[in-house]
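# please work out how this folds:
(chains A and B)
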Amino acid sequence: AQKVTQAQTEISVVEKEDVTLDCVYETRDTTYYLFWYKQPPSGELVFLIRRNSFDEQNEISGRYSWNFQKSTSSFNFTITASQVVDSAVYFCALKGTSGSRLTFGEGTQLTVNP
Amino acid sequence: DGGITQSPKYLFRKEGQNVTLSCEQNLNHDAMYWYRQDPGQGLRLIYYSQIVNDFQKGDIAEGYSVSREKKESFPLTVTSAQKNPTAFYLCASSDGTGPWNEQFFGPGTRLTVL
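Predicted structure coming up:
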């Protein structure tokens, strides 16, 4: 069975603060992929990043960065210098090789205040 | 522009009525999915289809039905047997069902049963 836990239900920060969204996962598969999606108020999920289980390099894309640590089964997402437009629900998701289902965490509501 | 369309954005129905939610994609993707999202919760898989004329139950298929007669279309019917149908419904598609395939999402349909 697969499970994704996003322990932070809601986070509120002031613009320009850095913020980290936590994601912890469980899977029995040795090969798996992790994803982050953003859901703005409009509702549509937007794909942000995919990482496979063999690639533990951190990734940076502009103000976004991801820290994948297999030893702690975590795939955390950091937004540097947050902006009001970053306000959204962020979902972490996992897909293993044993099935075709994408397992989502419950999401973290991020609010960035001006 | 390639993408996934869902219509309508908001749908109201009386209790006891069946209702069909539309999902169309022009991405030429083989796989399509239906998810349900309740407030403060993650996405739960209702049904998915890997190829035309084939579909599989997800985690919460009871009270729902689907068809996949065309590659680009995957309508979802919410039947009167679904005990609590009010929710936000998201359709997604992917190029394949491998663990590396990210899913692309439509804008969603918010269904309210009165």
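# counting contacts, what elements does the helix or strand of chain A with the lowest mean pLDDT pack onto?
Sorted by mean pLDDT, DSSP states H and E, the helices and strands of chain A end with strand A:59-61, the least confident at a mean of 86. If you count contacts as 3 or more Cβ pairs under 8 Å, 6 or more residues apart in numbering or on different chains; DSSP states H and E, strand A:59-61 packs onto strand A:46-52, strand A:64-69. C-betas here are computed from N, CA, C, even on glycine.
# among those, which comes closest to chain B?
Of all the helices and strands packed on strand A:59-61, the one in closest proximity to chain B, counting by Cβ to the nearest Cβ, is strand A:46-52 (4.9 Å).
# contact partners of the closest one?
Strand A:46-52 is contacted from outside by A:31-40, A:59, A:61, A:64, A:66, A:68, A:75, A:77, B:99-100, B:102-105, using Cβ atoms under 8 Å, 6 or more residues apart in numbering or on different chains.
# can you go through these and name the buried ones?
A:32-39, A:64, A:66, A:68, A:75, A:77, B:99, B:102-105 (16 or more other Cβ atoms under 10 Å in any protein chain shown).
# could you export the helices and strands packed on strand A:59-61 as CSV, including mean pLDDT?
Formatted as CSV, those follow (pLDDT from 0 to 100):
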stretch, mean pLDDT
strand A:46-52, 92
strand A:64-69, 94
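# what's the closest of these to B:L11?
Nearest of the helices and strands packed on strand A:59-61 to B:L11, taken as Cβ to Cβ: strand A:46-52 at 22.9 Å.
# among the helices and strands packed on strand A:59-61, which is nearest A:V14?
That would be strand A:64-69 among those, by Cβ to Cβ, at 18.6 Å.
# that closest one close to chain B?
No - on the criterion Cβ under 8 Å from any Cβ of the partner chain, strand A:64-69 is out of touch with chain B, staying 14.4 Å away.
# chain A contacts on chain B?
Contact residues (Cβ under 8 Å from any Cβ) of chain B with chain A: B:31, B:33, B:40-43, B:45, B:48, B:50, B:58-59, B:88, B:90, B:92, B:97-100, B:102-108, B:110.
# swap the cut-off to 6 Å and go again
B:41-43, B:45, B:97, B:99-100, B:102, B:105, B:107-108 (Cβ under 6 Å from any Cβ of the partner chain).
# what's the closest of those to B:L21?
Nearest to B:L21 among the residues of chain B next to chain A: B:G108, at 9.6 Å, using Cβ to Cβ.
# thought the closest one was touching B:F88?
Yes - B:G108 is in contact with B:F88 according to Cβ atoms under 6 Å; the separation is 5.4 Å.
# who has more neighbours out of those two?
With neighbours defined as other Cβ atoms under 10 Å in any protein chain shown, B:G108 and B:F88 compare such that B:G108 has more, 23 against 17.
# which residues touch that one?
A:43, B:88, B:90 (Cβ atoms under 6 Å, 6 or more residues apart in numbering or on different chains).
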